[in-house]
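> Test case, fold it:
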Amino acid sequence: MLQLLLIAVSLALDAMAVSVSVGMTNPQAAWKQGLRMGLWFGGFQFGMPLLGFLLGHTLSSFIATAAPFIAFALLAFVGGRMVLDAWQNKDCEVPSAAYGQLTVRKLLALAVATSIDALAVGVSAAFMAFPLFLSCAVIGLTAFLLSLLGAVVGQRLGCAFQRWAQAIGGVVLILIGLKFLLERLFF
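Next up, the predicted model:
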């Protein structure tokens with residue numbers, strides 16, 4: 001369960017970083033925007049691992065021997081991308097979609113962008129034998145809560161928090177992937 005919670009937090013840190021950015025741009029509407037982002041991000045964070053899990057489960061019989069390597073590669077790729085993005089964003093650029101009113105179109109784009117990594121983790125989860133609906137629910141609820149929190153406190157935390165949260169989330173995903181790989185290879 002701890003491993004699932006760490007994955008959920010790691011996945012939600014992208015959504016939280018976007019929420020922090022939005023909270024910094026419009027602090028007067030932080031609660032309203034936080035709830036909207038939380039519902040969108042949480043919903044997509046719930047659905048994408050479910051879709052990835054089903055895709056991975058369908059393919060698992062074909063690639064069972066390669067599963068540990070695939071799971072590690074996906075988690076390492078997603079985690080590495082998160083760390084690289086955090087490292088490159090030294091000027092704390094706020095995503096352009098975060099400016100102004102959060103329209104349905106902007107929320108959809110942000111929700112998809114922040115949940116693509118959850119799709120990859122869902123594929124990995126098919127090989128790790130996580131309980132499907134519990135995993136998706138924990139991931140979705142965590143994304144909702146951290147998105148709301150990010151929007152509400154975004155104007156106070158600023159750029160440093162946004163970068164560190166994303167980098168830490170990436171490192172955690174890489175370590176979980178490595179742990180899974182080593183367990184399957186040596187134990």
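> ok now the longest helix belonging to the chain, how far from the chain's centre?
If you go by DSSP state H, the chain has its longest helix at helix 132-186. A distance of 6 Å separates the centroid of the chain from that of helix 132-186, by CA atoms, centre = their mean, to the nearest Å.
> Show me what it is packed up against.
Here helix 132-186 touches helix 2-25, helix 30-60, helix 67-88, helix 104-128, going by 3 or more CB pairs under 8 Å, 6 or more residues apart in numbering; DSSP states H and E. All C-beta atoms are positioned from the backbone trio N, CA, C, and that covers glycine.
> right, so of those, which gets closest to residue 164?
helix 67-88 (7.4 Å; CB to CB).
> what comes up buried for that closest one?
67-68, 70-72, 74-76, 78-79, 81-83, 86 (16 or more other CB atoms under 10 Å).
> Look up which helix or strand the closest residue to residue 36 other than its chain neighbours falls in, please.
Spatially, and ignoring its direct neighbours in sequence, residue 36 is nearest to residue 102 (5.9 Å; CB to CB, 6 or more residues apart in numbering). Per DSSP states H and E: residue 102 is located in neither a helix nor a strand.
> Residue 102: how many residues sit nearby?
For residue 102, the neighbour count with other CB atoms under 10 Å is 20.
> Not counting the lowest-mean-pLDDT helix or strand in the chain itself, show me its contacts.
When the helices and strands of the chain are scored by mean pLDDT, DSSP states H and E, helix 67-88 comes last with a mean of 77. The contact list for helix 67-88 (CB atoms under 8 Å, 6 or more residues apart in numbering) reads 10, 13-14, 60, 63, 117, 120-121, 123-124, 127-128, 163-164, 166-167, 169-178, 180-181, 183-185.
> Show the buried residues in those.
Among these, those scoring as buried are 10, 13-14, 117, 120-121, 123-124, 127-128, 163, 166-167, 169-174, 176-177, 180-181, 184 (criterion: 16+ other CB under 10 Å).
> show me the contacts for residue 115.
Applying CB under 8 Å, 6+ apart, the residues near residue 115 are 11, 15, 41, 44-45, 47-48, 143.
> Low-confidence stretches in this structure?
24-27, 60-65, 67, 89-101, 126, 129, 155-162, 166, 169 (pLDDT under 70).
> tell me the angle of the least confident helix or strand of the chain relative to helix 132-186?
Angle, helix 67-88 to helix 132-186, by axes from the mean of the first three to the mean of the last three CA atoms, to 10 degrees: 100 degrees.
> Please put the alpha-carbon coordinates of helix 67-88 into CSV.
Backbone C-alpha positions of helix 67-88 (Å, rounded to 0.1, in the frame of the first residue of the first chain) are rendered in CSV as follows:
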residue,chain,number,x,y,z
ALA,A,67,7.5,-7.2,-18.1
PRO,A,68,10.0,-6.1,-15.4
PHE,A,69,12.1,-4.3,-18.0
ILE,A,70,9.1,-2.6,-19.6
ALA,A,71,7.7,-1.5,-16.2
PHE,A,72,11.1,-0.1,-15.2
ALA,A,73,11.6,1.6,-18.6
LEU,A,74,8.2,3.3,-18.4
LEU,A,75,8.6,4.4,-14.9
ALA,A,76,12.2,5.5,-15.4
PHE,A,77,11.2,7.4,-18.6
VAL,A,78,8.3,9.2,-16.9
GLY,A,79,10.4,9.9,-13.8
GLY,A,80,13.4,11.1,-15.8
ARG,A,81,11.2,13.4,-17.8
MET,A,82,9.8,14.9,-14.6
VAL,A,83,13.3,15.5,-13.2
LEU,A,84,14.5,17.0,-16.5
ASP,A,85,11.5,19.3,-16.8
ALA,A,86,12.1,20.5,-13.3
TRP,A,87,15.8,21.1,-13.9
GLN,A,88,15.2,23.0,-17.2
